[in-house]
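please find the sequence and the predicted model below.
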Amino acid sequence: MYKYTEFDKAFLLQRNSQFRAQVQRRINGQLTEEEFKPLRLMNGLYLQLHAYMLRVAIPYGTLNSAQMRQLAYIAQTWDKGYGHFTTRQNIQYNWPKLSDVPDILDTLAEVNLHAIQTSGNTIRNVTADHFAGAAADEICDPRPYAELIRQWSTDHPEFQFLGRKFKIAINGAIQDRAVIRAHDIGLQIIQKEHKLGFKVIVGGGLGRTPMIGKTIRKFLPESDLLPYIEAILSVFNQSGRRDNKYKARIKITVHEKGIEDIRTLVEDRFHRIRPTYKGLDQNILESIKMQFPPPQFVKADSTHFEQTYETDPIFRSWVDINTSEHKADNYVIVSISLKGHGQTPGDATTKQMQVMAQVAEDYGHNELRISHEQNVILPHVHKSNLPQIYKALRNHGLATANIGLISDIIACPGMDYCALATARSIPIAQDIAGRFKALKIEHEIGPLKLKISGCINACGHHHVGHIGILGLERAGKEYYQITIGGDATSTAAIGERVGPGFSAEEIVDAVERLIYAYLDMRKEPEETFLRTYQRVGLAPFKTALYPKTALAA
Amino acid sequence: MPVIVTDSGFQSDDWVGDYCKPCDPGSNPQALDLSSDIDPDTVLLHSNLQMIRVNIHNFADGRGFTIARQLRLRGFKGRLRARGNLISDQYTMARRSGFDEIEITDELAKRQTESEWLFRSKWKENDYQSLLRG
């Protein structure tokens, strides 16, 4: 894992002291609220429905046990004993006091964590594949590049007052687990004639105008990474729209000007910027790479695991559902579900964070990851340790075997916390998970991505869910629209809206009708919901969702 | 009277010449006045040009920083000034992007005092960009 240099430490201390002074100047009246707002946002502090909310970055989703314990400590000391993991590999604290925030930031700095640029019209926390460094299908670990971009984007003088927020994601495996096609810039590591580089995708995004990103450069050599993304940001900062907040993201710039024009502008600027990088960035990249070595894999007898797997069906189910293939022999990747039926998706209590930290320390090479699907990952686990891990997790409500199933729901905080939300998300997620648990058909349904957003800004990624639910409001009542056929992977697609929305009371029944229609139509159990949709199209699902309308027609 | 903010604090304006708009027919102006929606690639860098001033009406409009950077990359070595409602927290960003100084109103200078601007005047410290570029 990356260890802060003296430079990183000095930077963070100065930054925190600056923010402490900004809070004081706001209290003294030297800064207006209008002036203070972007300053607190670029330090992760939002004003929400009921209180301030602090969003802390988990850079590229990677944590060690000490950092996880510190997150737990903050939840216990300055919040209400829990935190909420988000789709952009952040943790949000919902109840901090403004006057406590400078102390919280200093506490984070003790373990090399921060809340810089987790909000505001700046370049946000760079996200990466949560299986980085572990996945069997990996080409190259994306985290050193993400760390390089973190350093480059932190306090970048040109890009602190962009027209709108800017999100970058990077993936280094065959399968896209970082949703790079729904980011302002998506980077896919590729290898061409033994040389590493990137496919650069630009202009993806969800929100009220969902767009799948377009390829701006088919192959960018590794050493051109920073000048090239700087060129994209330079073009965006200058020519992105500033007259309308909803048209200010780069996806609109790309859509209006066309990818060819944008490519020409970016390439021109790239040639001007390239000579300002003289190789120091590459030296830093090399030293960062040295800090992401593979763990010291162990050899151990896994007889006990094999026996437990044979004899304990509940353990077996957890292993089958919640572990993924690792690049090393006899190792697996464990996904810890933060989606217990009836829980708030992505929430973890202080105790749960401490337990996960301990398990990682005892059995997981001291490493944890936060996934964009709001779960926690133990990236390096020897199979022989699985029975002990399962036991430790189960005692704290962390052993739900539902990764990738219908109750593993991505949900934004919705109207329970968020000032922008138009409907509740969390109770809908809880009700859907509860329903399918009661029906006992979750495992029969198989892999299914259900995603819920509580407003049109789409923080819950509903557009790219196999089933997407969008909560809206009309005449003081919440209602929920359903989209189907979305896909967040390398075959990314925006879901299709099926028809009119449903009330909060009707939505769970509606999802159930969709699922039973799928089970009736699929050719074989291996045909997933998404495949069935791709084969049969929208119409039969529409009939299932609106049976009365179909009869009348 | 406007106040000019530099690394050493508040100063009075010592630029006495007139500013031309980029569209003025005068072929060889000494000083240009630009708005923040200008495309920096279209600015003619005349041989006589000594001063460029970029007007930033709203501090949240960050286009000026890219304009400054691009003018510098195009080779402009004269005086580069940002003028408008910037806040002291942006001083470091302005200097790092290529501006030499900031012109603020007397009124703003009273609310955001010299000490606040000086707090941000050591702009070469803790700069990731210089670490990465040298």
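Alright, I've got the coordinates.

okay, buried residues for stretch A:386-401 please.
Within stretch A:386-401, the residues that count as buried by 16 or more other Cβ atoms under 10 Å in any protein chain shown are A:386-387, A:389-390, A:392-393, A:396-401. (C-beta placed from N, C-alpha, C; glycine too.)

distance between the ends of stretch B:118-134?
Stretch B:118-134 has an end-to-end distance of 25 Å (Cα to Cα, to the nearest Å).

repeat that for stretch A:96-104.
Distance across stretch A:96-104, first residue to last, is 9 Å (Cα to Cα).

so what touches that stretch?
With contacts defined as Cβ atoms under 8 Å, 6 or more residues apart in numbering or on different chains, stretch A:96-104 is touched by A:16, A:19-20, A:23, A:45, A:51-54, A:74, A:78-79, A:93.

mind doing that once more with 6 Å?
A:20, A:45, A:52, A:54, A:74, A:78 (Cβ atoms under 6 Å, 6 or more residues apart in numbering or on different chains).

report the buried residues of it.
Those would be A:96, A:100-104, for stretch A:96-104 by 16+ other Cβ under 10 Å.

next one: stretch A:464-482
A:464-472, A:478-482.

first to last residue in it, what's the distance?
12 Å.

over to stretch A:498-516?
Across stretch A:498-516, the terminal residues are separated by 16 Å (Cα to Cα).

contacting residues around it?
A:431-432, A:435, A:478-482, A:541-542, A:544-546.

so what's residue A:189 up against?
Shown in contact with residue A:189 (Cβ under 6 Å, 6+ apart): A:139-140, A:142, A:172.

no no, residue A:207
A:457-458.

would you mind giving me the confidence score for it?
As predicted, residue A:207 sits at a pLDDT of 91.

relative to residue A:257, how far out is it?
19 Å (Cβ to Cβ, to the nearest Å).

kindly report the same for residue A:545.
38 Å.

show me where chain B has its strands.
Ranges of strands in chain B, per DSSP state E, are B:3-6, B:9-11, B:31-35, B:51-56, B:79-84, B:101-104.

can you list the buried residues in the first one?
Meaning strand B:3-6. Within strand B:3-6, the residues that qualify as buried by neighbour count (16+ other Cβ under 10 Å) are B:3-5.

show me what that strand is packed up against.
Identification of packing neighbours for strand B:3-6 by 3 or more Cβ pairs under 6 Å, 6 or more residues apart in numbering or on different chains; DSSP states H and E yields strand B:101-104.

anything in the strand it packs on near chain A?
No. Using Cβ under 6 Å from any Cβ of the partner chain, strand B:101-104 never reaches chain A; the gap is at least 13.1 Å.

how about that strand as PDB, C-alpha atoms only?
Output of strand B:101-104 as PDB, limited to C-alpha atoms (Å, rounded to 0.1, in the frame of the first residue of the first chain):
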ATOM      1  CA  GLU B 101      -0.800  39.600  -9.400                       C
ATOM      2  CA  ILE B 102      -4.500  40.200  -8.500                       C
ATOM      3  CA  GLU B 103      -6.400  43.400  -8.700                       C
ATOM      4  CA  ILE B 104      -9.200  43.700  -6.200                       C
END
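
sheet-wise, list the partners of it with their directions.
Applying DSSP bridges, strand B:101-104 is found paired with strand B:3-6 (antiparallel), strand B:79-84 (parallel).

need the residues that contact it.
With Cβ under 6 Å, 6+ apart, strand B:101-104 has contacts from B:2-6, B:81-83, B:86, B:94.

tell me how far that strand lies from the chain's centre.
Strand B:101-104 sits 7 Å away from the centroid of its parent chain (Cα atoms, centre = their mean, to the nearest Å).

residue in the stretch 101-250 of chain A with the shortest distance to chain B?
Nearest residue of the stretch 101-250 of chain A to chain B, counting by Cβ to the nearest Cβ: residue A:161, 2.8 Å away.

phi and psi next, for that residue.
Dihedral pair for residue A:161: phi -130, psi 60, per degrees, to the nearest 10.

separation between the residue most central in space within chain A and residue B:13?
With distances taken as Cα atoms, centre = their mean, residue A:372 lies nearest the centre of chain A, 2.4 Å away. Distance, residue A:372 to residue B:13, using Cβ to Cβ: 51 Å.

with residue A:439 instead?
Using Cβ to Cβ, residue A:439 is found at 75 Å from residue B:13.

and chain A, what are its domains?
The record's domain split for chain A, according to automatic domain parsing, is A:142-291, A:303-394, A:410-552.

per-residue confidence for the residue of chain B found nearest chain A?
Nearest to chain A in chain B, going by Cβ to the nearest Cβ, is residue B:62, at a distance of 2.8 Å. Confidence at residue B:62, expressed as pLDDT, is 97.

any idea how many residues pack against it?
27 (other Cβ atoms under 10 Å in any protein chain shown).
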